[in-house]
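Participant: Need coordinates for the following:
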Amino acid sequence: MTTTSPAPTTSGWSGKSNVPLASIGLALGVLLSVLDQTIVAIALPAISADLKNFDSISWIVTAYVLASTATGTLYGRLSDRFGRRNTFIVAMALFTVASALCGQASSMGELIFYRAVQGIGAGALFAIPTIALAELFPEHLRGRVIGLLGAIFALATLGGPLVGGVITDTAGWRWIFYINLPLGILSIVLVAVAVRIPRTDARARIDILGSALLASAVVAIMLVAEWGGREYSWTSGLVLGLTAASVALFGLFGWWESRATNPLLPLRLLTNSVMRIVLPVTVLLGALLYSMVVFLPTYFQAAHGMSPIEAGLALNPCVAAFVIASALSGWRASSTGRYKRYLVAGGGIIVIGFTLFAQIEADSSYFMVTVYSTIAGIGVGFLLQLLVVVAQNAVEPGLLSAASSAVLSIRGLGMALGVGFFANILIRQLDGKPPTADNLSVTIPDTFVYGIPLAVLLFVLTLAIPGRSASGEQPAARGKEAEATN
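Facilitator: Numbering: from 1, shown residues only. As a prediction, the model looks like this:
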């Protein structure tokens with residue numbers, strides 16, 4: 001049972017945990033939660049053929065992302081009360097059981113339902129490790145550890161289509177879900193044995209109403225992204241009604257959080273000068289990242305006639321660039337205390353990457369497109385996990401879990417909104433033409449043009465991120481002597 005002794009300080013190691021084993025167990029949670037967002041993308045045609053339902057295949061992805069995004073912030077507060085270890089184990093058990101049920105699904109409706117249940121468990125599998133690892137390691141190593149999580153995120157996100165293609169071709173689509181079982185069980189065992197982190201607030205009350213309002217608002221806005229311009233016109237009563245409902249629900253959520261005793265998302269986060277910039281940057285980054293993950297493999301298949309496995313392999317240079325940039329930025333930020341240069345550089349590189357994407361044509365060489373994706377991967381790698389570190393170090397220790405959960409949840413929302421945004425643009429670019437290889441090889445590059453203003457906005461916002469935390473210390477090196485930030 002997790003103790004209720006005082007929370008560990010951020011200046012030294014967690015003394016009771018087996019840090020290496022705990023890190024492996026928690027990292028497995030990150031790997032599984034992210035991998036299951038993208039691993040099914042390549043298998044969707046096989047799933048729809050087997051279950052004889054094509055119209056609903058997008059919900060296989062949407063149900064998972066929606067559920068994990070809606071619950072991500074709640075898990076931060078649950079882990080404050082019930083402990084990081086206990087909350088993680090319950091969530092991983094739910095995720096693992098739901099994975100087995102997904103593999104057994106006999107209809108599209110069953111699969112979508114089980115994917116939603118799987119997503120509820122997955123909501124904790126990224127949020128809690130990010131919080132727990134920040135508590136297990138001394139603060140001067142935090143950036144390096146979170147940078148490694150960024151590398152795992154990159155491998156799972158960009159490698160998911162490749163893994164899904166290999167498994168689907170060799171063992172069948174159901175094994176995409178069965179593969180989670182041994183890894184999930186291993187993660188549970190390692191975390192149960194190795195993690196010993198005192199509860200932050202064992203008597204904290206869970207903000208049920210705030211959780212319900214936030215989840216409802218997220219569901220509404222994600223349905224707008226999923227249905228608007230596809231199932232229903234942007235000006236239809238349903239889409240407009242959902243948009244109005246999401247605005248109203250977010251407003252009610254803010255009103256309630258300002259009055260709640262233990263708010264799910266303390267409004268102090270939104271008054272923090274760092275968080276006010278980090279959150280919108282994270283939304284934009286999530287949208288741009290997922291446009292690459294979803295549409296680049298489709299372009300490779302359409303323009304170059306690649307198989308699903310080959311299209312997944314085509315992302316390997318981008319994955320490598322992402323991993324190296326994420327690890328390097330986290331390492332250097334922790335060593336020097338200088339983090340802003342990597343955020344600004346990452347934003348600028350993303351602008352360059354999407355500008356190059358817009359130059360792609362149907363007959364562009366594989367080498368050229370790979371170079372462009374590698375450039376964009378470097379930019380995303382500099383930003384992705386370092387934003388989490390900046391948020392964590394900009395708030396007081398009592399807000400650590402809330403800040404981490406907020407950044408991760410808003411990233412998931414950005415990813416979901418990005419897929420809907422770019423898919424709707426792609427449909428308009430097709431203008432009623434069938435989605436053949438010839439048509440997609442032309443319209444997908446045209447779709448990337450719309451990512452340029454988003455990338456420019458992201459870059460401008462990184463320039464506005466303060467160089468110091470709210471306490472006046474270097475966010476990437478609190479507890480060390482302040483150094484120059486640029």
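Participant: and whatever helix or strand Ser68 lives in, how far from the chain's centre?
Facilitator: Using DSSP states H and E, Ser68 sits in helix 58-82. Here the centre of helix 58-82 is set off from its chain's centre by 11 Å, with CA atoms, centre = their mean, to the nearest Å.
Participant: which other helices and strands contact whichever helix or strand comes after that helix?
Facilitator: Next helix or strand after helix 58-82 toward the C-terminus (DSSP H and E): helix 84-104. When contacts are defined as 3 or more CB pairs under 8 Å, 6 or more residues apart in numbering; DSSP states H and E, helix 84-104 packs onto helix 19-38, helix 58-82, helix 108-136, helix 175-178, helix 180-194. Every C-beta, even on glycine, is put in place using the N, C-alpha and C of the backbone.
Participant: Of all the residues in helix 84-104, which ones are buried?
Facilitator: Buried residues in helix 84-104, counting neighbours by 16 or more other CB atoms under 10 Å, are found at 84-92, 94-99, 101-103.
Participant: Check stretch 266-278 too.
Facilitator: Across stretch 266-278, burial judged by 16+ other CB under 10 Å covers 266, 268-269, 272, 274-275, 277-278.
Participant: Now do the buried residues in stretch 310-318.
Facilitator: 310-315, 317-318.
Participant: In terms of mean pLDDT, which of the helices and strands packed on helix 84-104 ranks lowest?
Facilitator: Among the helices and strands packed on helix 84-104, helix 58-82 has the lowest mean pLDDT, at a mean of 80.
Participant: per-residue pLDDT, Glu473?
Facilitator: pLDDT, read off for Glu473, is 49.
Participant: one step back: tilt between the helix holding Ser68 and helix 84-104?
Facilitator: 160 degrees (axes from the mean of the first three to the mean of the last three CA atoms, to 10 degrees).
Participant: what are the phi and psi angles of the most centrally placed residue in the chain?
Facilitator: Nearest to the geometric centre of the chain sits Gly412, at 4.4 Å (CA atoms, centre = their mean). The phi/psi pair for Gly412 (degrees, to the nearest 10) reads phi -60, psi -40.
Participant: Help me confirm that it comes into contact with Ala67.
Facilitator: No. At 10.1 Å, Gly412 does not count as touching Ala67 under the criterion of CB atoms under 8 Å.
Participant: Tell me the gap between whichever helix or strand Ala212 is part of and the middle of its chain.
Facilitator: Using DSSP H and E, Ala212 maps to helix 208-227. Distance of helix 208-227 from the chain centroid (CA atoms, centre = their mean) equals 17 Å.
Participant: ok, residues contacting the next helix or strand after it?
Facilitator: Next helix or strand after helix 208-227 toward the C-terminus (DSSP H and E): helix 237-257. Helix 237-257 is contacted by residues 207, 209-210, 213-214, 216-217, 220-221, 223-224, 227-228, 232-233, 263-267 when judged by CB atoms under 8 Å, 6 or more residues apart in numbering.
Participant: Could you rerun that using 10 Å?
Facilitator: Helix 237-257 has contacts (CB atoms under 10 Å, 6 or more residues apart in numbering) with 207, 209-229, 231-234, 236, 263-267, 269-270.
Participant: Can you show me the CA trace of stretch 88-108 as CSV?
Facilitator: Output of stretch 88-108 as CSV, limited to C-alpha atoms (Å, rounded to 0.1, in the frame of the first residue of the first chain):
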residue,chain,number,x,y,z
PHE,A,88,-1.3,3.3,-12.9
ILE,A,89,-1.9,-0.4,-12.2
VAL,A,90,-5.7,-0.1,-12.3
ALA,A,91,-5.5,1.9,-15.6
MET,A,92,-3.0,-0.6,-17.2
ALA,A,93,-5.2,-3.5,-16.1
LEU,A,94,-8.2,-1.9,-17.7
PHE,A,95,-6.2,-1.2,-20.9
THR,A,96,-4.9,-4.7,-21.1
VAL,A,97,-8.3,-6.4,-20.6
ALA,A,98,-9.9,-4.0,-23.2
SER,A,99,-7.1,-5.0,-25.6
ALA,A,100,-8.0,-8.6,-25.3
LEU,A,101,-11.7,-7.7,-25.9
CYS,A,102,-10.7,-5.7,-29.0
GLY,A,103,-9.0,-8.7,-30.4
GLN,A,104,-12.1,-10.8,-29.8
ALA,A,105,-14.6,-8.3,-31.3
SER,A,106,-17.0,-9.8,-33.8
SER,A,107,-18.6,-6.5,-35.0
MET,A,108,-17.6,-3.0,-35.7
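Participant: just how off-centre is that stretch within its chain?
Facilitator: Worked out by CA atoms, centre = their mean, stretch 88-108 lies 20 Å from the chain centre.
Participant: same check, this time on stretch 411-430
Facilitator: Distance of stretch 411-430 from the chain centroid (CA atoms, centre = their mean) equals 15 Å.
Participant: Could you pull out the buried residues of that stretch?
Facilitator: By 16+ other CB under 10 Å, the buried positions in stretch 411-430 come out as 411-426, 429-430.
Participant: same deal with stretch 352-366?
Facilitator: 352-358, 360, 362, 364.
Participant: Now the two most distant members of the residues you listed.
Facilitator: The two members of these with the most space between them (CB to CB) are Ile352 and Ala362, at 22.2 Å.
Participant: From the chain's centroid, how far away is stretch 172-186?
Facilitator: The answer for stretch 172-186 is 21 Å, by CA atoms, centre = their mean.
Participant: Between the two ends of it, how far is it?
Facilitator: In stretch 172-186, first residue to last residue: 23 Å (CA to CA, to the nearest Å).
Participant: Okay, buried residues for it please.
Facilitator: Under the neighbour-count criterion of 16+ other CB under 10 Å, stretch 172-186 has 173-174, 176-180, 183-184 buried.
Participant: Over to stretch 386-400?
Facilitator: For stretch 386-400, the neighbour count (16+ other CB under 10 Å) marks 386-395, 399-400 as buried.
Participant: go on, stretch 334-344?
Facilitator: Within stretch 334-344, the residues scored as buried using 16+ other CB under 10 Å are 334, 336-344.
Participant: With stretch 437-447 instead?
Facilitator: With burial defined by 16+ other CB under 10 Å, the residues of stretch 437-447 counted as buried are 439-447.
Participant: could I get those residues as JSON lines with secondary structure?
Facilitator: Listed next are the buried residues of stretch 437-447 as JSON lines, based on DSSP: H, G, I helix; E, B strand; the rest coil:
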{"residue": "Asn439", "secondary structure": "helix"}
{"residue": "Leu440", "secondary structure": "helix"}
{"residue": "Ser441", "secondary structure": "helix"}
{"residue": "Val442", "secondary structure": "helix"}
{"residue": "Thr443", "secondary structure": "helix"}
{"residue": "Ile444", "secondary structure": "helix"}
{"residue": "Pro445", "secondary structure": "helix"}
{"residue": "Asp446", "secondary structure": "helix"}
{"residue": "Thr447", "secondary structure": "helix"}
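Participant: how many other residues sit next to Arg205?
Facilitator: 11 (other CB atoms under 10 Å).
Participant: Would you mind measuring from the closest residue to it other than its chain neighbours to Ile47?
Facilitator: What sits nearest to Arg205 in space, not counting adjacent residues and going by CB to CB, 6 or more residues apart in numbering, is Asn262, at 4.8 Å. Noted for Asn262: a distance of 41 Å to Ile47, by CB to CB, to the nearest Å.
Participant: before we move on, what about Phe357?
Facilitator: Phe357 is 29 Å from Ile47, where distance means CB to CB.
Participant: doesn't Leu66 make contact with Ala122?
Facilitator: No. The criterion here is CB atoms under 10 Å, and Ala122 misses it with Leu66 at 11.0 Å.
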